[in-house]
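A.B. asks: predicted model and sequence follow; I will ask about them next.
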Amino acid sequence: MVRKNEKFASDSILGIQIDNNICFKCIRVYKNGFTCDAFSEGIPREILNGSFDHRKNHPDDNGLKFKLNEFFAGED
């Protein structure tokens, strides 16, 4: 069941659409894919679903933005 007021994707993995997700190309993301150095309690939905570009500052990111993992360098 998805609650309407969920802030983080980890609150309910079911029901989230992960499109245009840059998190998996970020050097800061943890293996679970739903937390990272910037969001240790859970990456916000708007970043996971691509509606917020985390190459820009997010109010809850503790000053840490997306940083490309060198493995993905050169990809469009």
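C.D. replies: Happy to help now that I have it. Numbering: from 1, shown residues only.

A.B. asks: how many other residues sit next to Asn21?
C.D. replies: 18 (other Cβ atoms under 10 Å). (C-beta placed from N, C-alpha, C; glycine too.)

A.B. asks: wait, it touches Arg45, no?
C.D. replies: No. Using Cβ atoms under 8 Å, Asn21 makes no contact with Arg45, being 11.0 Å away.

A.B. asks: give me the common contacts of the two.
C.D. replies: Residues touching both Asn21 and Arg45 (Cβ atoms under 8 Å, 6 or more residues apart in numbering): none.

A.B. asks: burial of Ser51, as a residue count?
C.D. replies: Neighbour tally, Ser51, other Cβ under 10 Å: 11.

A.B. asks: what about it, distance to Ser40?
C.D. replies: With distances taken as Cβ to Cβ, to the nearest Å, Ser51 is found 21 Å from Ser40.

A.B. asks: now do Ile47
C.D. replies: Distance from Ile47 to Ser40, by Cβ to Cβ: 14 Å.

A.B. asks: of the two, give the one with the bigger neighbour count.
C.D. replies: Ile47 (24 against 10).

A.B. asks: roughly how far is whatever helix or strand that one lives in from the heart of the chain?
C.D. replies: For Ile47, the host element (DSSP states H and E) is helix 45-48. Its chain's C-alpha centre and that of helix 45-48 lie 5 Å apart, by Cα atoms, centre = their mean, to the nearest Å.

A.B. asks: now it - C-alpha only, CSV.
C.D. replies: Once non-C-alpha atoms are left out, helix 45-48 reads as follows in CSV (Å, rounded to 0.1, in the frame of the first residue of the first chain):
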residue,chain,number,x,y,z
ARG,A,45,11.0,10.3,-4.6
GLU,A,46,11.5,13.3,-6.8
ILE,A,47,15.1,12.4,-7.4
LEU,A,48,14.5,8.7,-8.0
